[in-house]
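>>> Only the shape, not the letters, is given here:
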């Protein structure tokens with residue numbers, strides 16, 4: 001199916017904007033995007049949250065627009081993990097890890113369990129998987145502390161990499177180093193955010209001296225050599241880890257951002273007065289382009305633009321008549 005064919009599918013509506021083709025998912029009626037799913041997609045499917053009342057995790061076939069609801073996992077729960085090659089989504093329910101296959105998603109398989117005595121409490125960040133596929137990772141929190149823990153896929157053993165006296169938002173294994181993970185907490189009002197690199201068997205080192213005072217939305221770049229971050233209302237930057245140097249790549253009032261795997265395109269939720277909009281920045285051409293209409297900044301569901309399906313599409317949530325709707329934009333048209 002070509003991009004143009006998508007508009008002929010009854011499940012999508014063609015909504016062009018200033019010469020740019022956009023395709024909005026019609027069904028299910030409430031589609032809130034892939035919030036807190038990493039990385040989110042395969043070559044043709046996207047795992048996202050949707051539903052008429054309480055959004056739950058399901059899989060969207062981008063080629064046909066067919067959406068199949070899968071689990072009761074909600075956007076407020078632990079982060080699911082999607083294997084980009086197999087299409088399998090791994091969901092953390094308490095301490096148990098279940099695999100939901102894209103073709104048979106309603107029939108999950110148990111694939112591991114974190115030991116509750118080793119890591120008591122509730123999961124607050126994760127799920128993530130090491131580059132060699134041998135370990136799952138998650139953060140479990142009690143009232144007193146948080147523990148970064150791993151669960152060996154084959155042996156089923158649980159190990160603690162790092163313990164802190166506070167909670168975290170983000171845990172992501174390096175895409176190139178199986179013994180390295182990013183642990184982070186986003187900036188909030190009055191609090192600047194924190195980030196650590198945790199090494200198996202060696203604890204964790206803080207990145208505070210290398211990042212801006214306020215930062216959030218940290219994620220690895222495609223090669224695992226750097227970290228993308230958002231400096232709220234100031235721009236999107238890249239921390240080059242080997243050189244210990246940060247670079248402001250896109251000077252814009254971004255609140256959230258994503259990048260293609262090669263880093264040549266950035267997409268962000270950009271603050272515009274009392275509203276927000278989705279914009280895309282082409283690094284090679286040094287050109288910014290607005291993709292969405294203005295969206296109320298107070299909306300429950302923020303746009304959260306993300307590149308999906310091997311960077312073929314840009315996906316974001318737009319609030320239409322008070323309800324969130326998923327919109328797809330072909331990436332080739334943005335270059």
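Now that the structure is in, tell me what you want to look at. Not measured: the values here are computed from a predicted model. Residues are numbered from 1 along each chain as shown.

>>> Now stretch 130-148: buried residues?
130, 135, 136, 137, 138, 139, 140, 141, 146, 147, 148 (16 or more other Cβ atoms under 10 Å). C-beta coordinates here come from the backbone N, C-alpha and C atoms, glycine included.

>>> my bad, should have said stretch 88-98
88, 89, 90, 91, 92, 93, 95, 97, 98.

>>> Show me the two of those residues that sit farthest apart.
88 and 95 (19.4 Å; Cβ to Cβ).

>>> Am I right that residue 333 sits in a helix?
Yes. Looking at residue 333 with DSSP: H, G, I helix; E, B strand; the rest coil, it is inside a helix.

>>> low-confidence ranges in this protein?
1-9, 29, 33-39, 104-106, 189-191, 299-301 (pLDDT under 70).

>>> make it 50
Within the chain, the segments meeting pLDDT under 50 span 1.

>>> all helices in it, in order from the N-terminus.
3-6 (DSSP state H).

>>> ok so, going back, now, the buried residues of stretch 88-98 that are in strands?
89, 90, 91, 92, 93, 97, 98 (DSSP state E).

>>> Which of these sits closest to residue 48?
Closest to residue 48, out of all of these and judged by Cβ to Cβ, is residue 89, at 10.5 Å.

>>> Nearest spatial neighbour of the closest one, chain-adjacent residues omitted?
Leaving aside its sequence neighbours, residue 89 sits nearest to residue 100 (Cβ to Cβ, 6 or more residues apart in numbering; 4.6 Å).

>>> residues near the one you found, how many?
24 (other Cβ atoms under 10 Å).

>>> Might one say that it is in contact with residue 71?
Yes. With contact defined as Cβ atoms under 8 Å, residue 100 counts as touching residue 71 (6.4 Å).

>>> Between the two, which contacts overlap?
91, 108 (Cβ atoms under 8 Å, 6 or more residues apart in numbering).

>>> For the residue nearest to residue 89, which residues are in contact?
70, 71, 88, 89, 90, 91, 106, 108.

>>> and with 7 Å instead?
70, 71, 88, 89, 91, 108 (Cβ atoms under 7 Å, 6 or more residues apart in numbering).

>>> could you redo those as a markdown table and give each row distance to residue 238?
Below are these laid out as a markdown table (distance: Cβ to Cβ, whole Å):
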| residue | distance to residue 238 |
| --- | --- |
| 70 | 34 |
| 71 | 34 |
| 88 | 30 |
| 89 | 28 |
| 91 | 31 |
| 108 | 37 |
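
>>> May I ask which two of these are separated the most?
Pairwise over the contacts of residue 100, using Cβ to Cβ, the maximum falls at 71 and 88, 12.7 Å.

>>> all strands in the stretch 201-335 of the chain, in order from the N-terminus.
203-206, 216-220, 226-231, 235-240, 245-250, 254-259, 265-272, 275-282, 287-290, 295-296, 306-308, 313-320, 323-330 (DSSP state E, counting those that start in this stretch).

>>> Please disregard the earlier target; I meant the stretch 51-200 of the chain.
Under DSSP E, counting those that start in this stretch, the stretch 51-200 of the chain gives strands at 56-61, 67-69, 81-82, 89-93, 96-100, 109-113, 122-129, 135-141, 146-152, 158-164, 170-173, 180-185, 194-199.

>>> Please point out which parts of the first one sit buried.
Read that as strand 56-61. Here strand 56-61 shows 56, 57, 58, 59, 60 as buried, counting by 16+ other Cβ under 10 Å.

>>> mind listing what that strand pairs with, with the direction of each?
Using DSSP bridges, the strands paired with strand 56-61 are strand 45-50 (antiparallel), strand 67-69 (antiparallel).

>>> now those strands as TSV including mean neighbour count and distance to residue 230?
Putting these into TSV (neighbours: other Cβ atoms under 10 Å; distance: least, Cβ to Cβ, whole Å) gives the following:
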stretch	mean neighbour count	distance to residue 230
strand 45-50	26	21
strand 67-69	17	29
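
>>> Of all those, which one comes closest to residue 286?
Of the strands paired with strand 56-61, nearest to residue 286 by Cβ to Cβ is strand 45-50, at 29.7 Å.

>>> List the contacts of the closest one.
28, 30-35, 37, 40, 55-62, 67, 74-75, 80, 82, 87, 89, 102, 308-309, 315, 326.

>>> likewise stretch 138-150?
Under the contact criterion Cβ under 7 Å, 6+ apart, stretch 138-150 has outside partners 78, 92, 114, 118-127, 135-137, 158-168, 171, 181, 183, 198.

>>> same question, stretch 168-188
Stretch 168-188 has contacts (Cβ under 7 Å, 6+ apart) with 38, 124-126, 128-132, 134, 137-139, 146, 148, 162, 193-200, 204, 214-220, 222-224, 227, 232.

>>> which parts of it are buried?
Within stretch 168-188, judged by 16+ other Cβ under 10 Å, the buried ones are 168-175, 177-187.

>>> ok now that stretch, how far from the chain's centre?
12 Å (Cα atoms, centre = their mean, to the nearest Å).
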